[in-house]
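Enquirer: Task: produce atomic coordinates for the following.
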Amino acid sequence: MLTKSSTARPHDAPGQFRAGLIACLPTIPGYWSIGFAAGAIGTLSGFTPMETALLASLLYTGSAQFLFYSLWAAGAEMTSVVLSVFLVNLRYLLMSSSMSVFFRDYSTLQKVVSGLLLTDETFGVAVQHGSQHGKVSFAWMLGLNVSAWLNWIIACLVGAWLASALPPSLMEGLSFSLVSMFIGLVVLIWYASRHKKLETLSIAVAVLVTVFASHYGEVSVVVIAAASASATLATILLRARNKGEC
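Expert: I've put the predicted structure just below:
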């Protein structure tokens, strides 16, 4: 049965926009939990609350922001930082491509706006909506994206502001959180994975490549190469496994 919010008339742009806002509500707690942590880590990395909010509004991706803060705090070269963020965000090209079936009636500007504000969460919500209704209106997509975008910025700003209010001595004691956050994210991703053996192999390959190659080049570049190599190997093995099961 269609809900009231999903039965808005196709040309009722305000109604579609409100429906998109409502569709975003279940994902907002997730934005706040991760955004709050991202803002706090931004402060620990030496950024002001306003700089953290600006980065959140422009970069607008949790994984890339965590990576940016980590590389920046480690003193990595700007080229390495930009390349790392670019590689992490490549998945959004794939997401936008898979959403293109719902974007056929969009103008070029509408496609660009919808793609730039796409996240993992809004992608999942939009695909589900598009599968149920056969299309996704631009106003609905804009309402979904804008709601998520604003909540992410506010969450990062609040996290950064609260972290900046801590005493300097406590801030120094919490410097370990930047590393522990990444360890926690890796463990959570591994725990939620349906291919734990493959994930374990990928992590082990990345660690080994980093350890043995770190003496022959810039550490940040080695880490990128190690992550790319391990991800490529995992993808090849997963495809070979899927073909074998067919």
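Enquirer: Relative to L198, how far out is the closest residue to L162 other than its chain neighbours?
Expert: Using C-beta to C-beta, 6 or more residues apart in numbering and skipping residues adjacent in sequence, the residue nearest L162 is A40, 6.9 Å away. Backbone N, C-alpha and C define where each C-beta goes, glycine included. A40 sits 32 Å away from L198, going by C-beta to C-beta, to the nearest Å.
Enquirer: Next: V207.
Expert: Distance of V207 to L198, computed by C-beta to C-beta: 15 Å.
Enquirer: Could you check which of those two has the larger neighbour count?
Expert: A direct count of neighbours by other C-beta atoms under 10 Å for V207 and L198 places L198 higher, at 16 against 12.
Enquirer: tell me the pLDDT at the more buried one?
Expert: Predicted confidence (pLDDT) at L198: the value is 74.
Enquirer: need the next SSE after the helix or strand hosting the residue nearest to L162, C-terminal direction.
Expert: For A40, the element it lies in under DSSP states H and E is helix 28-44. Downstream of helix 28-44, the next assigned helix or strand under DSSP H and E is helix 49-58.
Enquirer: by contact count, what packs against that following helix?
Expert: With contacts taken as 3 or more C-beta pairs under 8 Å, 6 or more residues apart in numbering; DSSP states H and E, helix 49-58 sits against helix 28-44, helix 62-73, helix 138-164.
Enquirer: of all those, which lies closest to S98?
Expert: helix 138-164 (14.2 Å; C-beta to C-beta).
Enquirer: now the angle between helix 49-58 and that closest one, please.
Expert: 160 degrees (axes from the mean of the first three to the mean of the last three C-alpha atoms, to 10 degrees).
Enquirer: now helix 138-164: how far from the chain's centre is it?
Expert: Remark: helix 138-164 is offset 13 Å from the chain centroid, using C-alpha atoms, centre = their mean, to the nearest Å.
Enquirer: angle of that helix against helix 62-73?
Expert: Using the same axes, to 10 degrees, the direction of helix 138-164 lies 40 degrees away from that of helix 62-73.
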